[in-house]
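# Got a sequence here, can you build the structure:
(one chain, ligands or ions: 1)
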Amino acid sequence: MASGSYRNGGPKLSAKLDRQHSAVYSTPKASAKSRPPATPAAASSLRRSGSGNPASTPASNKGDAGVPGRVRVAVRLRPRNAEELVADADFADCVELLPELKRLKLRKNNWDSETYEFDEVLTEFASQKRVYEVVAKPVVESVLEGYNGTVMAYGQTGTGKTFTLGRLGEEDNAARGIMVRAMEDILADTSPDTDSISVSYLQLYMETIQDLLVPGNDNIAIVEDPKTGDVSLPGATIVEIRDQRNFVELLRRGEAHRFAANTKLNTESSRSHAILMVHVKRSIKGRHDAEPSLPRENGNASPLLSSLRPPIVRKSKLVVVDLAGSERIDKSGSEGHSLEEAKSINLSLSALGKCINSLAENSPHVPFRDSKLTRLLRDSFGGTARTSLVVTIGPSPRHRGETASTVMFGQRAMKVENMVKLKEEFDYKSLCRRLDIEIDKLIAANERQLKDFEDEVERIRADAQSRIAEAEINYMNSLENERSKYQTDYLESIKKLEEKWRMNHQSSNNDKTRVAHEQCLEKTCNIEGSTASNSEEITRVGQLLLNEKLLRESTEEVNDLKSQVLHWKNLEASASAEIIKLRKMLDNEANQKQKLEEEIRILKGQLLQLSVEADKTRRSLESGGSGKSLTGLDSIMSQARHSQLRDSGNGPKASIAKLFEQVGLQKILSLLESEDADVRIHAVKVVANLAAEEANQEKIVEAGGLTSLLMLLRISEDETIRRVAAGAIANLAMNETNQELIMAQSGISLLSMTAADAEDPQTLRMVAGAVANLCGNDRLQTRLRGEGGIKALLGMVRCGHPDVLAQVARGIANFAKCESRASTQDQVRCHNVG
Ligand SMILES: Nc1ncnc2c1ncn2[C@@H]1O[C@H](COP(=O)(O)OP(=O)(O)OP(=O)(O)O)[C@@H](O)[C@H]1O
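Here you go, the predicted model:
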């Protein structure tokens, strides 16, 4: 290649790199595009709840593909060492650096060189501070935001990898390497109250992983999660870091256990790859507080439901890898055990090189499994981490070949694209703690309520008893008063009658004497014989009169008494009615008490169940599994999340069907309008899952699900929601009746609008799938053309993603079929008419 030519394509490449650079170090942000609101109220509520970062919700992240982030590569030149100053005194360096152009010229000879472009070019004068800021700081910042990150040094032995990464700088603060500076930044940005920082420090020596913190632990296994591909080392010691001093002490301890040797090329050559893993766990504060509402049951926010929402934690990992140096065995003069070491180092580095090559060339197979080093670095190259690589080179023309090979390694690594992803998860442990407290509180509140209720029942019972006793006493007193009054009246009446009788008797006697006297005077002799019989007659008549009168008075008194008795009977009846009423009240109270006791019993059962489930979840989490179902509405969310996570099989379908049965379609659809962005996302995912089953489609449309999904396309600002809604619409659009309904509800313009705003190819795939289904309906052809459906479908070709192109092709094929059918029919019609 001619002098001055660029291997990577010169200025054109530079522009590309700039774009990639910004992509690598920009945090994914929610799209802030505004859409025309359907109704002012709905729009305002959605905007409010959608103001958080939707890309950072745990479920959405698990479902999302991540953000592209190219591996960033810097080259660092070591100054000449004492030996080189002497041996190479008459020769120029094999490289020339052009830091302002970010280029490196590799001299072939005095008249020919090749130029390479890197993300950063660090000269022999670059300070450790600058190297940290350029190479590692962006990765550290990204780790603090929740992304995994890797900083790695690669280069020929003795070129300054350990110098760059591992210097402790105790004697000279300015000499601190990347490991020390990274931890300083991490500790400064985190709080021990809410966050936790812990480290593992390991070395990979001759294909064996050894713990540098506990050297006896020398055969640590690599465990790969078959689902997520996450790599972990469960056997490694993890030490919580509280302060910088404590960390530096750990590094020193680890460094002392690292295999090193005095080789021809480096007096302190590292013979193992050192791997420092910094685990950062941060609580996402205020996320739930900021959310406007929680699921409501019967219009009331349940405190239990709100306490069931687990807090969110971001877990990220910074991996700093100080590779052992590659060496040419003929130059290093290794032999015996050193030779074996060197071979093992070269073997693992060559495995790493093969993986980088495969990734750079987009090969379908990347041989990660060829060595432990590549298995460990799987997430760093082609995975989800932000990766920054510093390639270290020496200036000596004697090592030009090794320098060229290092430079080429860096160049290829620059072509590797990672998909950086946020790792958020629910903190079930702290949820369990919170639930325990909540359960205790509820139990105490229930006990208090029960006691208050029992006291109230007791008070009502005592009150009723005293009122009954009072009524009985009043009744008895009244009865007694009436009885004595009646007796007095009766005695007085008898007295009066006796008096009358005496008076009558007396006047009768007087009359009798007077008559006898007159008769004596008028008829002296004859009258004497009849006197006795007259007197008897008068007495008898008087007696009869008296009896009659007594009888009449007695009858009156009896009637009087009867009416009094009736009055008292009435009184007694109303007192009995009062008593019955009070008894009823008592019975009601007792029933209510029984019901409340029953409710409390059920509540206690539920609480117990929750506590058991929470324990189960915690245990399954601790053992590496995923949490199982919770109760109520969170169960929908939880199950929806699980269904996102599971690969295939009947599990998700069964759980969604169960959900459908338990919760009811209306309830699920109503959640599409929830103010809570999380709930909306999970609800639309559940609806999409249901819509995938043909058996559910009619029910969903009948219940207004299609209208709700179209509404989400219209008003939602969250692309995940729009993507899932478009997917659900695509499923519903498989049926002819639904296709016409979609068209009738302006579905085609909403789908076109969604396609125009989409950034994620998967969204375009869903929209294209829906439009493709509509294209298969003969009756919709004219409208599809007229309302811009075909234009939108063709517009999606710009994305270039094969999945999208496949859907577009299907749609066009459907459309063409319909068109050709229509034209055949036209011809037949013309023919018939002709
Ligand atoms: N940028 C630099 N400025 C000054 N001295 C440096 C620089 N880089 C490396 N050195 C010195 O070069 C020597 C070799 O460095 P170092 O041990 O870091 O190399 P290495 O790449 O880690 O080697 P190996 O792969 O054999 O472990 C050390 O004495 C170190 O102090």
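
# can you give me the helices for the stretch 101-250 of the chain?
128-131, 137-144, 161-166, 178-189, 244-256 (DSSP state H, counting those that start in this stretch).

# Enumerate the positions of the shortest one that are buried.
By that I understand helix 128-131. The neighbour-count check on helix 128-131 (16 or more other CB atoms under 10 Å) flags Q128, V131 as buried. Using the backbone N, CA and C atoms, a C-beta is placed for each residue, glycine as well.

# Let me see the residues that make contact with that helix.
74, 76, 122, 164, 167, 169, 174-178, 181, 390 (CB atoms under 8 Å, 6 or more residues apart in numbering).

# ok, now stretch 229-242?
Residues outside stretch 229-242 that contact it (CB under 8 Å, 6+ apart): 183, 187, 192, 196-200, 202, 209, 211, 213-214, 217, 219-225, 247, 250, 277-279, 375-376, 378-379, 383.

# related to what we said a few turns ago, please work out which of the helices of the stretch 101-250 of the chain is packed deepest.
Neighbour counts (mean count of other CB atoms under 10 Å) averaged over each of the helices of the stretch 101-250 of the chain peak at helix 161-166, with a mean of 24.

# From the chain's centroid, how far away is it?
A distance of 41 Å separates the centroid of the chain from that of helix 161-166, by CA atoms, centre = their mean, to the nearest Å.

# Please work out the average pLDDT along it.
In this model, helix 161-166 has a mean pLDDT of 96.

# helices or strands next to that helix in the packing?
Judged by 3 or more CB pairs under 8 Å, 6 or more residues apart in numbering; DSSP states H and E, the packing partners of helix 161-166 are strand 149-155, helix 178-189, strand 312-322, strand 386-393.

# ok, it near the ligand or not?
Yes: Helix 161-166 is in contact with the ligand by CB under 6 Å from any ligand atom, via K161, T162, F163.

# For the nearest residue to the last one once chain neighbours are set aside, report the pLDDT, please.
Spelled out, that is F163. Excluding its sequence neighbours, the residue lying closest to F163 (CB to CB, 6 or more residues apart in numbering) is G177, at 6.9 Å. pLDDT, G177: 97.

# Next, count neighbours for G177.
25 (other CB atoms under 10 Å).

# Show the contacting residues for it.
For G177, the contacting residues are Q128, Y132, T162, F163, T164, L165, G166, R167, L168, G169, by CB under 8 Å, 6+ apart.

# before we move on, back to that, go through the contacts of helix 128-131 and name the one nearest N738.
Ranked by distance to N738 (CB to CB), these are led by A74 at 55.4 Å.

# Find me the pLDDT at whichever residue of the stretch 1-150 of the chain sits closest to the ligand, would you?
At 4.0 Å from the ligand, R78 is the closest residue in the stretch 1-150 of the chain, using CB to the nearest ligand atom. For R78, the pLDDT comes out at 96.

# now S338
Looking at S338, its pLDDT stands at 72.

# Tell me the spacing between it and the ligand.
12 Å (CB to the nearest ligand atom, to the nearest Å).

# Mind telling me what element that residue is part of?
Assigned by DSSP states H and E, S338 belongs to helix 337-360.

# about what we covered before: tell me which of the helices of the stretch 101-250 of the chain lies nearest to V828.
Short answer: helix 137-144, nearest of the helices of the stretch 101-250 of the chain by CB to CB, at 65.5 Å.

# now for the closest one, which elements pack on it?
Counting by 3+ CB pairs under 8 Å, 6+ apart, the packing neighbours recorded for helix 137-144 are helix 10-25, strand 149-155, helix 178-189, strand 273-283, strand 312-322, strand 386-393.

# what is the mean pLDDT for the second one?
Summarised as a single mean, pLDDT over strand 149-155 is 96.

# repeat for the fourth one
Rounded to a whole number, the mean pLDDT of strand 273-283 is 94.

# If I take the helix or strand I437 falls within and strand 273-283, what angle do their directions form?
Using DSSP H and E, I437 sits in helix 428-522. Orientation check (axes from the mean of the first three to the mean of the last three CA atoms, to 10 degrees): helix 428-522 against strand 273-283 gives 20 degrees.

# and whatever residue of the stretch 201-350 of the chain ends up closest to the ligand, what does it touch?
Scanning the stretch 201-350 of the chain for proximity to the ligand using CB to the nearest ligand atom identifies G325 as nearest, at 2.3 Å. G325 makes contact with G155, Q156, T157, G158, T159, K161, L265, N266, S269, S270, I345, according to CB under 8 Å, 6+ apart.

# mind redoing it with 10 Å?
By CB atoms under 10 Å, 6 or more residues apart in numbering, G325 lies in contact with 153-162, 263, 265-266, 269-271, 332, 342, 345-346, 349, 392, 402, 406.

# Distance of D778 relative to the ligand?
From D778 across to the ligand, the span is 71 Å (CB to the nearest ligand atom).

# Was I right to think A385 contacts M277?
No: counting by CB atoms under 10 Å, A385 stays clear of M277, with 11.6 Å between them.

# Give me the common contacts of those two.
Common neighbours of A385 and M277 (CB under 10 Å, 6+ apart) are K317, L318, V319.

# Include distance to G229 when you put those into CSV, please.
Listed next are those as CSV, based on distance: CB to CB, whole Å:
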residue, distance to G229
K317, 14
L318, 19
V319, 15
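
# May I ask which of the residues you listed has the most neighbours?
Going by other CB under 10 Å, L318 tops these with 28 neighbours.

# Spit out the contact partners of it.
136, 139-140, 142-144, 147-151, 179, 182-183, 186, 197, 199, 276-280, 385-386.

# One more: E84?
Neighbouring residues of E84 by CB under 10 Å, 6+ apart: R78, F91, D93, G394, P395, S396, P397, R398, H399.

# What about these, which one has the most neighbours?
Highest neighbour count within the contacts of E84: G394, with 29 neighbours (other CB under 10 Å).

# Contacts only, for that residue.
In this structure, G394 makes contact with 77-81, 84, 88, 93-95, 124, 155-160, 265, 400, 402-403, 406, judged by CB under 10 Å, 6+ apart.
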